[in-house]
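Q: Pasting a predicted model and its sequence here:
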Amino acid sequence: MSKDFQFSIKSIRFDEDYRPSENTRITTNFANLARGESREQNLRNTLKMIDNRFNAMADWDNPRGDRYSVEIEIISVEMDVETGRSGNAIPLIEILKTNIVDRRTNERIEGMVGNNFSSYVRDYDFSVLLREHNEGKADFSTPDDFGELHGKLFKCFVNSEAYKEYFGKQPVICLSVASGRSYVRTENQHPVLGVEYRQDAYSLTDEYFSKMGLKVRYFMPAGSVAPLAFYFSGDLLADYTNLELISTISTMETFQRIYRPEIYNANSVAGKVYQPSLNNDDYSFTRIVYDREERNRLAIEQGKFVEELFIKPYQSVLQQWAADYAA
């Protein structure tokens, strides 16, 4: 039945003129930045931070620190549950695609696909299903098969002809490390990714992404104050060029400095044993306005939206598809 699910991909440029479309997930972090009175300054400052970080890392043959700029595309993925019936495309996933402009050679170089990861079904899983499952319970637990459907939908997408037509490599998702977990610095160090950290135990997000077929490693690049979590399916250190890796680090570290300043804009660098905390008071604000409370509230609203639009009406279809896909 998996052949009945067709994917379509749309792209919009994330630049100073970006305005979220009506079909964009309103909880998407970059959409949050592009609303309100500060939208133009937000976007301009965010893009400048990304370019500055990229050039600081790609410092060879770059004496003035201005050789490169990063272009970002927002990739929106829709899925047709009932092929042949118009109007039934379900908004499924949003990721980012980076491209690198070499101002010295006028060359445009492909960057990384993935980076940020937004998903309606993940909103449902975490903000509706998980909340309802644990309501009134003393001990936290996850429902049976938690994340299984989402994981299979993601794997179906990255193995689809639509994905292969647009992208030449598998995605790499770069997220914040989990608050409350402990990370231990290792002796392994990569020239771009930096020093590797290992975690004491996998987080719920790590387990959720593993059902999407993605492994995780944690690296703190030079000049960073905390490690980042990199989710990937192949060989993170061998499958991607230095510039591709830098495009992900510069983009996602910038976003994390805005979204998680307590961790990524902290005034002290992670030590040999590091436990990130959103209660850290020793950090600096960026000059970018981000409404975190709105983000949390809208995640619940959109989780309920996808429950009514997708999960409930197609429950039997999805259950049968998931069983066939597993086989």
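A: Happy to help now that I have it.
Q: When you work out contacts or count neighbours from here on, use the C-alpha atoms and nothing else.
A: OK.
Q: so where's this protein uncertain?
A: Low-confidence segments of the chain (pLDDT under 70): 1-4, 20-38, 83-88, 289-297, 326-327.
Q: Please enumerate the strands of it.
A: All strands of the chain, identified by DSSP state E, fall at 6-14, 68-80, 89-102, 107-119, 172-176, 183-190, 194-199, 215-220, 228-232, 273-274.
Q: Buried residues, the second one. List them.
A: Meaning strand 68-80. 68-80 (16 or more other C-alpha atoms under 10 Å).
Q: Show residues contacting it.
A: Identification of contacts with strand 68-80 by C-alpha atoms under 8 Å, 6 or more residues apart in numbering yields 4-15, 24, 47, 50-51, 54-55, 88-103, 247.
Q: and if you look at the fourth one?
A: In this structure, residues lying in contact with strand 107-119 by C-alpha under 8 Å, 6+ apart are 25, 28, 92-102, 167, 169-175, 243-245, 247-248, 251-252.
Q: mind redoing it with 6 Å?
A: Strand 107-119 has contacts (C-alpha atoms under 6 Å, 6 or more residues apart in numbering) with 92-101, 171-174, 244, 248.
Q: Equivalent analysis for the third one, please.
A: Under the criterion C-alpha under 6 Å, 6+ apart, residues 67-80, 107-120 lie in contact with strand 89-102.
Q: Now with 8 Å, please.
A: Strand 89-102 has contacts (C-alpha under 8 Å, 6+ apart) with 23, 67-81, 107-121, 247-248, 310.
Q: again with stretch 234-254
A: 46, 49-51, 53-54, 57-58, 70, 98-100, 110-112, 115-116, 170, 174-175, 192-193, 228, 264.
Q: With stretch 44-64 instead?
A: 15-16, 65-70, 192, 243, 246-247, 249-251, 254-255, 287-288.
Q: tell me which residues of it are tucked away?
A: 45-47, 49-58.
Q: cool, and stretch 190-203?
A: 192-199.
Q: how many neighbours does residue 6 have?
A: Summarising burial for residue 6: neighbours were counted as other C-alpha atoms under 10 Å, giving 19.
Q: Please shift the residue numbers so they start at 24 in all later answers.
A: Got it, the first residue is 24 from now on, which makes the last one we talked about residue 29.
Q: what sits opposite the closest residue to it other than its chain neighbours in the beta ladder?
A: Nearest residue to residue 29 in three dimensions, chain neighbours excluded: residue 103, at 5.1 Å (C-alpha to C-alpha, 6 or more residues apart in numbering). Per DSSP bridges, the residues bridged to residue 103 are residue 29, residue 112.
Q: From residue 112, how far out is residue 103?
A: Residue 103 sits 4 Å away from residue 112, going by C-alpha to C-alpha, to the nearest Å.
Q: Over to residue 160?
A: Counting by C-alpha to C-alpha, the separation of residue 160 from residue 112 is 37 Å.
Q: okay, those two: which has more neighbours?
A: residue 112 (19 against 9).
Q: coming back round to it: in helices only, show me the contacts of stretch 67-87.
A: Within the contacts of stretch 67-87, residues falling in helices by DSSP state H are 266, 269-270, 272-274, 277-278.
Q: Out of those residues, who's the most crowded?
A: Counting neighbours by other C-alpha under 10 Å, residue 270 leads these with 31 neighbours.
Q: Leaving out the residues flanking it, which one is nearest to residue 95?
A: Nearest to residue 95 is residue 121, by C-alpha to C-alpha, 6+ apart, at 4.7 Å.
Q: how much space between the one you found and residue 105?
A: Taking C-alpha to C-alpha, one finds residue 121 at 32 Å from residue 105.
Q: Which of these two has more residues huddled nearby?
A: A count of neighbours by other C-alpha under 10 Å puts residue 121 above the other of residue 121 and residue 105, at 22 against 15.
Q: Hmm, residue 280 and residue 199 touching each other?
A: No - applying C-alpha atoms under 8 Å, one finds residue 199 not in contact with residue 280, separated by 9.8 Å.
Q: Pull out the buried residues from stretch 256-268.
A: For stretch 256-268, by 16+ other C-alpha under 10 Å, it's 257, 259, 263, 265-268.
Q: From those, pick the one nearest residue 295.
A: Comparing the buried residues of stretch 256-268 against residue 295 with C-alpha to C-alpha places residue 259 closest, at 22.7 Å.
Q: Before I go, just wanted to say thanks for your time.
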